[in-house]
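A.B. asks: no sequence on hand, only this structure:
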């Protein structure tokens, strides 16, 4: 028999369309329009999962996104998703769900032993027990996490697509219940751009669960339909069902998750994205999120079948499902009477247990008129049943409500519908820096004031009457639109929506039982993390009284539901224990997201190839043909080496380096930062930016320069060439290009606006082929009309002409210490020139080399790489480059700092060469250099290795490093202890290992 | 995420900008005449108020221009932007108390 709990009529499901699904391998039927919750309840499936810590059987508690218990693993393979809240999962044909936190099955779960042993698992148990001995936590943690897990993440890539949308609007309305609809309506009528976001598939909020409500004398849902129809007709209104506003950030920036095709079933979305992540900048926000009912904290209140009263009413009226035949309504207020009445009308045997002494008023009378039995001044002290509630024990309360007295009485029950009042959902308001106020009558927190432009309305603002919600919504929409510059602020009259008034609540945060707290019965306030009232007492005894400590100690509110049903109850219990008023305990900070987000939605389009853009040079297609292995430098793909005949990197680099110095090598240097600097003050400007002198540099001449920040520390270097009197071409490191461009602009715009200098990044305008080696001149001569005679074209000069038939600027500069030419051609000719040089280079035995060989070749010459051999704490003097600091210049950036006591003191870390005793040992970069080796760290560190390679041209390993008082240590023997325990003796030397006199460069 | 008004481009998301700390730190004209302490004050020391803060921002992912912003460091409310060399906008007591822009 299927759908035993489905009522013969009623509800908003489509009974004409049966939908098949499986839960834990068993097939069931539901209807189109069901959620997984309503379909499971229709089939009388109450046991849906096991709890996190004690593995207690758990069922559906709520009908909304606040669900802490009924969380399941949805789908299989690469589309599986854990922690799906069943009330938020719309049913589709073929849906597959499995219970979480249980093994081998939800009915028989080995972990259930934790419940029997629960006396030994109080709050803080894991941390107290497994933190000893010190350092072992990391080992225990794996085991504990595995047994505690919250479902399983997919192990394969997500095949779905996700979209991201950035929008601006005048009024964002969060929540599509009656208040939100009313606000969207009046705002929309002004012509303002309105976004209306509703978490559920259908609009109407509480009205969807209320069969009796009327507006203007008609069923309330007719007003909802009419309002939606009018909103749909408005061009500037965007209506987003299945969309949760997940976060409220500064300056009215909000995010929302739209579940576009989830309800169609995994993989059935066609061309649409699975989900869409909205990032919304709203001039005005209307918060209409409604309220969440509070559970009652009575003994063993977590049995499957114990539900929120409002949820039971929702399943009856919205889904046509009566979850049980024997309903006990346990309440402290009148709102649950509506559930009792609707359950009675749906055919259930209903008993009301009311903790109030003399409940009275229209709601009580209505229940009495239906002959529903009402036990007043009574407490449910405990429940019976294990996998499903079978009954409740009730007992009269003492006068102060702190205990029970007299005879206990058992009532059969398969559903306990509980209500201890309502909490306005103030999460978004609070995330958006809104300050809360404690409302004594409501016994909950409500929005007070906020620095950002928002208005809270309806139940989320503590207003629980239908007319009140309509009135607040209509007014807020009008006001928000007017504040955003639309409409005249006039509010239409509120339609009539009469209801019976509700009486007062009786507040007993903790429902006493016949046994002392913590013995035998568990009073859960936080279902998902298995936290009980006794745990709050324990936290207080151990000193964790601050609400933030309480949260972390008991893990209250730290589950996937973020404690939506538990926070206020936990705070109230703590306030009772401490005997202070609830506002004195305060709330924890509400943080985004309001409900869990998929990683896919957060990433959006930025996955795979689109995660990070790849910058490629003009020569890239040829590099591909040549089999280059790449290195990422910034966003650039730079050839690292060009392996031949299965060479590894070491073999390739040794071959490349040797051949560059024997014949000629070529490297793609296009990625170097290039900045075109023009203006009458350009030379003066460079004089301030660089440490050396620039005023007298001749046109066509190039100069190497170091840039320091005002701390006097080197941060970039490069060669800059004077192309004309007022025109320079600056090069920077590849990774520093953006930083240097910003640095130049910063000084020009903020400090020296009177300087006439204009900087333009031209990095991508020029493709650069760098020829290096003794045969480079001969090779270039084959393809150029430029006079390469060393008498006419000297080192550190630039000539314009043609190379391979295209216009080129050729710079005779060298980063290898060889005769070298950097051939700059417009980007579109880059591959042509590169290919022509390869062709012409065949007879000169040209070798292509990459960044790895470039590093080795420059290190052989002791040339630094800014950012590798410097780290932001290194001055030019520390690099032994005093020669580049203009002694006669009155000022330049960083100069004054050279004279600071710390910068000028002796014994600073200085760049030196480092040679290992064993010439075959290549030290790892970053290795520490020490004077005295000890058994274990810490050892006094003198410095570290910054560059280290095997050099084929020197015939041994070479290294550079920053060593305290390094210049005075040349010739000293020091030690380098490595992680593997080995210790290597090293000698401090000069950092130039090859061609000390520099004769080759100038040749 | 803040909404920043670039004096040249108008209001844009914070992601288009970077903040470069306190504004109106003028580079001394006579570095050599300063004591280490005076120079160190210019290089290293910045105010860190809880309240209004004039700070430099640059529209990196836009016009690449530098400008100044008056921001409240506690509330993150931005009270205005102005170009280098222009005076900072006045912030009234009322605006500060009201909390709203």
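C.D. replies: Yes, it's here. The shown structure was predicted, so the numbers you read here are calculated from the model rather than taken from an experiment. Residues are numbered from 1 along each chain as shown, chains lettered A, B, ... in the order given.
A.B. asks: so where do the strands sit in chain B?
C.D. replies: Under the criterion DSSP state E, chain B contains strands at B:3-6, B:10-13, B:18-22, B:52-58, B:66-72, B:78-82.
A.B. asks: pick the most deeply packed of these.
C.D. replies: strand B:66-72 (a mean of 22; mean count of other C-beta atoms under 10 Å in any protein chain shown). Yep, even glycine has a C-beta here, placed from its N, CA and C like the rest.
A.B. asks: packing partners of that one?
C.D. replies: On a contact count with 3 or more C-beta pairs under 8 Å, 6 or more residues apart in numbering or on different chains; DSSP states H and E, strand B:66-72 meets strand B:52-58, strand B:78-82.
A.B. asks: need the ones you listed in CSV with distance to residue A:743 and mean pLDDT, can you?
C.D. replies: Below are the helices and strands packed on strand B:66-72 laid out as CSV (distance: least, C-beta to C-beta, whole Å; pLDDT from 0 to 100):
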stretch, distance to residue A:743, mean pLDDT
strand B:52-58, 11, 97
strand B:78-82, 22, 96
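A.B. asks: mind putting these into TSV with distance to chain A?
C.D. replies: Shown next, in TSV, are these (distance: least, C-beta to the nearest C-beta, whole Å):
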stretch	distance to chain A
strand B:52-58	7
strand B:78-82	8
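A.B. asks: now distance to residue A:386 too, for those, in TSV please.
C.D. replies: As requested, these are arranged in TSV below (distance: least, C-beta to C-beta, whole Å):
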stretch	distance to residue A:386
strand B:52-58	61
strand B:78-82	58
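A.B. asks: picking up where we left off before, distance to residue A:415 for the strands of chain B - can I get that in a markdown table?
C.D. replies: Shown next, in a markdown table, are the strands of chain B (distance: least, C-beta to C-beta, whole Å):
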| stretch | distance to residue A:415 |
| --- | --- |
| strand B:3-6 | 50 |
| strand B:10-13 | 50 |
| strand B:18-22 | 57 |
| strand B:52-58 | 58 |
| strand B:66-72 | 53 |
| strand B:78-82 | 53 |
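A.B. asks: how close does the closest residue to residue A:800 other than its chain neighbours get to residue A:24?
C.D. replies: Nearest-residue entry for residue A:800: residue A:809, 5.4 Å, with adjacent residues in sequence omitted and distances by C-beta to C-beta, 6 or more residues apart in numbering or on different chains. Between residue A:809 and residue A:24 the computed distance is 72 Å (C-beta to C-beta, to the nearest Å).
A.B. asks: quick check, central residue of chain B?
C.D. replies: Computing the C-alpha centroid of chain B and ranking residues by C-alpha atoms, centre = their mean puts residue B:55 first, at 1.4 Å.
A.B. asks: dump the residue contacts of that residue.
C.D. replies: By C-beta atoms under 8 Å, 6 or more residues apart in numbering or on different chains, the contact set of residue B:55 is B:19, B:20, B:21, B:22, B:23, B:68, B:69, B:71.
A.B. asks: identify the farthest-apart pair in those residues.
C.D. replies: Spanning the widest gap among the contacts of residue B:55 are B:20 and B:71, at 12.9 Å by C-beta to C-beta.
A.B. asks: pull out the buried positions in the worst-scoring helix or strand of chain B on mean pLDDT.
C.D. replies: Ranking every helix and strand in chain B by mean pLDDT, DSSP states H and E puts helix B:93-98 at the bottom, with a mean of 77. Within helix B:93-98, no residue counts as buried by 16 or more other C-beta atoms under 10 Å in any protein chain shown.
A.B. asks: give the other helices and strands that that helix contacts.
C.D. replies: Taking 3+ C-beta pairs under 8 Å, 6+ apart as the contact cut, helix B:93-98 packs with no helix or strand.
A.B. asks: now it: how far from the chain's centre is it?
C.D. replies: 20 Å (C-alpha atoms, centre = their mean, to the nearest Å).
A.B. asks: same check on stretch A:279-299?
C.D. replies: For stretch A:279-299, the distance to the chain centre is 22 Å (C-alpha atoms, centre = their mean).
A.B. asks: near chain B, anything from that stretch?
C.D. replies: Yes. Counting by C-beta under 8 Å from any C-beta of the partner chain, chain B has neighbours in stretch A:279-299: residue A:281.
A.B. asks: pLDDT on stretch B:31-48, on average?
C.D. replies: Mean pLDDT, computed over stretch B:31-48, is 96.
A.B. asks: same question for stretch A:327-339.
C.D. replies: For stretch A:327-339, the per-residue pLDDT averages 98.
A.B. asks: next, the buried residues of that stretch.
C.D. replies: A:327-339.
A.B. asks: the residue of the stretch 51-200 of chain A at minimum distance from chain B: neighbour count?
C.D. replies: Proximity of the stretch 51-200 of chain A to chain B (C-beta to the nearest C-beta) peaks at residue A:166, 8.1 Å away. Residue neighbour count, defined by other C-beta atoms under 10 Å in any protein chain shown, stands at 10 for residue A:166.
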